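**Student:** The following comprises the amino acid sequence and a computationally predicted model.
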Protein chains: 2
Amino acid sequence: MISCRIFILMNSLTEENYLKALFNLAGEKGEVGVNDLSRHLDIKMPTVTSMMKKLAEKKLVHYETYKPLRLTEKGRKEAALIIRKHRLTEMYLVQKMGFGWEDVHEIAEQIEHIHSPAFFDKMDELLGYPKADPHGAPIPDKNGKFAWIAYDRLCDCHPGDTVRLLAVVHSASDFLKFLNQRHIHLGLRIKVHSVEPFDGSMVVAYDNRHETLSRMVCERLLVEKQ
Amino acid sequence: MISCRIFILMNSLTEENYLKALFNLAGEKGEVGVNDLSRHLDIKMPTVTSMMKKLAEKKLVHYETYKPLRLTEKGRKEAALIIRKHRLTEMYLVQKMGFGWEDVHEIAEQIEHIHSPAFFDKMDELLGYPKADPHGAPIPDKNGKFAWIAYDRLCDCHPGDTVRLLAVVHSASDFLKFLNQRHIHLGLRIKVHSVEPFDGSMVVAYDNRHETLSRMVCERLLVEKQ
DNA sequence: CTATATTGTTAGATTATTCTAACAAAATAA
DNA sequence: TTATTTTGTTAGAATAATCTAACAATATAG
């Protein structure tokens, strides 16, 4: 049967979640510790270790005992394609179904595991081939390639700077609701008014109003200087 | 944690597939044999037996050894809600995403397992609360209630009858492509021209053309007499 | 540079879902 | 009504994904 061949190549939902976490946790060096992965997936370390051995068998992860974990090129690509499905879905939910950007993560977390190229191609087409998701995160292309953009963090800007908000980091629902309350959205033009030296909070101006934003918030706002 | 309570109540994807099959195979009496279920799910009988014991524990199925299987009221409702998600999804894929009615089953088969009331409520709203899926099958309401409609089969009509096509039975992709080729779609007004006595095939007229349809096809076309 | 803390591994058990082999009941046919 | 076929069950094993307990290596702090 044709379906057999397809399923032999397919990763389980569980494996997909490990790949995605591995990708998302990988920093500059592309390395992740077992403990780190364990905490983020809320799965105990021995379970993670045994899954790493399995993924290494499948040539998705470079695994050597007591060494940091690294995705192989194949693993990196598969992770990117799952992230592509996640981000396309988030964009679709916001643009075509009317969800708020704070409500789409949970749903996309499930839909990203749907196996149907036609379904995601259709979303992509209906959205006009978007380059970023509703939180400004880049959507990898069909080959799993990311268009990395070097954003500035708002906290690294100076009084007098005028910037445009292009993305938010770690789109937790609470944080996004906080931004909603202050009418802060992607594309917003913001002017830095002043910075408090002791706590790093900033007074910013936008839409003819002023707001004080904590350092924590400013670290999560990614901007482009005008 | 709140999530714990939710997950205790939740059925696994596997259980959901058993419930759905149990519902779909139940005839007049609402009874299904283990063998029947086994063949339709492509799962061996002993596995089915053990799952039936598990579903009986959860009060979803009435199970007694060597007796036919019957869904409980609770099981019937849960099955109906999965079918609701399946059919809403099919309708959404056709109406809002531009898929053909022959291409939506496989995708809906996966999306029906998504846990997100908001997602399906939104589909329902965007579709204007449809009563049937793209194949004419009724969409149960949020309480799992079906609005059963008594259709006639085209094969039970007589020469001279004029009917409207309201639903098709067992929407296999091949059958739907066959109908597409002949421009046969839901809502089509069809006039029965003649019936061949030996093989039950019919000559019918629609859209200023004539077509001969085999008995097998006519059995699968559900109509309303005009 | 040892002592301690952190991180990672191994071994063995558990649960969910599946299987095969062997057996038992029910239905059907002779 | 007995023999045969079909249907259904039990028992026992396999795989995937998870856990706890115990141990080992690495990293960190005195």
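**Tutor:** Good, I have the coordinates. Residues are numbered from 1 along each chain as shown, chains lettered A, B, ... in the order given.
**Student:** Residue numbers of chain A in contact with DNA strand D?
**Tutor:** A:12-15, A:42-44, A:46-47, A:50-51, A:54, A:66 (Cβ under 7 Å from any atom of the strand). From N, CA and C alone the C-beta is placed, and that goes for glycine too.
**Student:** Quick check: of those residues, which has the highest neighbour count?
**Tutor:** Ranked by the number of neighbours (other Cβ atoms under 10 Å in any protein chain shown), the residues of chain A next to DNA strand D place residue A:51 first, at 20 neighbours.
**Student:** Helix, strand or coil: sort out residue A:55 for me.
**Tutor:** Using DSSP: H, G, I helix; E, B strand; the rest coil, the structure places residue A:55 in helix.
**Student:** What score does the residue nearest to it when sequence neighbours are not counted have for pLDDT?
**Tutor:** Nearest non-adjacent residue to residue A:55, counting by Cβ to Cβ, 6 or more residues apart in numbering or on different chains: residue A:61, 4.2 Å away. Note on residue A:61: pLDDT of 97.
**Student:** Over to residue A:37?
**Tutor:** 97.
**Student:** got it, and residue A:6?
**Tutor:** Taking residue A:6 on its own, its pLDDT is 42.
**Student:** Next: residue A:149.
**Tutor:** Looking at residue A:149, its pLDDT reads 86.
**Student:** Quick check: it vs residue A:157, distance?
**Tutor:** Distance of residue A:149 to residue A:157, computed by Cβ to Cβ, to the nearest Å: 17 Å.
**Student:** between those two, which one's more packed in?
**Tutor:** The neighbour comparison of residue A:149 against residue A:157 (other Cβ under 10 Å) goes to residue A:157, with 21 against 13.
**Student:** so that one sits right up against residue A:151, yeah?
**Tutor:** No. With contact defined as Cβ atoms under 8 Å, residue A:157 does not reach residue A:151; the gap is 11.3 Å.
**Student:** Overlap of the contact sets of these two?
**Tutor:** residue A:223 (Cβ atoms under 8 Å, 6 or more residues apart in numbering or on different chains).
**Student:** ok, residue A:150 - how many residues close by?
**Tutor:** 6.
**Student:** Tell me which helix or strand it sits in.
**Tutor:** For residue A:150, there is no host helix or strand (DSSP states H and E).
**Student:** Please, which helix or strand holds residue A:27?
**Tutor:** Applying DSSP H and E, one finds residue A:27 in no helix or strand.
**Student:** Report the separation between it and DNA strand D.
**Tutor:** 15 Å (Cβ to the nearest atom of the strand, to the nearest Å).
**Student:** All the helices of chain A, residue numbers only.
**Tutor:** A:2-9, A:13-25, A:34-41, A:45-57, A:73-95, A:105-111, A:117-127, A:173-181, A:215-219 (DSSP state H).
**Student:** what residues does chain A put near DNA strand C?
**Tutor:** Residues of chain A lying near DNA strand C (Cβ under 7 Å from any atom of the strand): A:33-36, A:38, A:45-46, A:48-50, A:52-53, A:63, A:65-68.
**Student:** Pick out the residue nearest the middle of chain A.
**Tutor:** residue A:137 (5.7 Å; Cα atoms, centre = their mean).
**Student:** any idea how far residue A:122 lies from residue A:90?
**Tutor:** The spacing between residue A:122 and residue A:90, counted by Cβ to Cβ, is 16 Å.
**Student:** out of the two, which sits in the busier spot?
**Tutor:** A count of neighbours by other Cβ under 10 Å puts residue A:90 above the other of residue A:122 and residue A:90, at 28 against 19.
**Student:** Spatially, which two of the residues of chain A next to DNA strand D are the most separated?
**Tutor:** Using Cβ to Cβ, the residues of chain A next to DNA strand D reach their maximum pairwise distance at A:13 and A:66, which is 28.7 Å.
**Student:** can you pull the contacts of residue A:75?
**Tutor:** Contacts of residue A:75 by Cβ under 8 Å, 6+ apart are A:19, A:22, A:55, A:59, A:60, A:61.
**Student:** What of residue A:70?
**Tutor:** Residue A:70 touches A:26, A:30, A:31, A:32, A:61, A:62, counting by Cβ under 8 Å, 6+ apart.
**Student:** In the sheet, which residues pair with it? Tell me.
**Tutor:** residue A:62 (DSSP bridges).
**Student:** how near is it to DNA strand D?
**Tutor:** When residue A:70 is compared with DNA strand D (using Cβ to the nearest atom of the strand), they lie 15 Å apart.
**Student:** What separation do you get for that residue and chain B?
**Tutor:** 31 Å (Cβ to the nearest Cβ, to the nearest Å).
**Student:** related to what we said a few turns ago, ok, and the most crowded of the contacts of residue A:75?
**Tutor:** Within the contacts of residue A:75, most neighbours by other Cβ under 10 Å means residue A:22, with 26 neighbours.
**Student:** For DNA strand D, see how far away that one is.
**Tutor:** Taken as Cβ to the nearest atom of the strand, the span from residue A:22 to DNA strand D is 13 Å.
**Student:** now do residue A:208
**Tutor:** Distance, residue A:208 to DNA strand D, by Cβ to the nearest atom of the strand: 49 Å.
**Student:** and if you look at residue A:160?
**Tutor:** For residue A:160, the distance to DNA strand D - Cβ to the nearest atom of the strand - is 40 Å.
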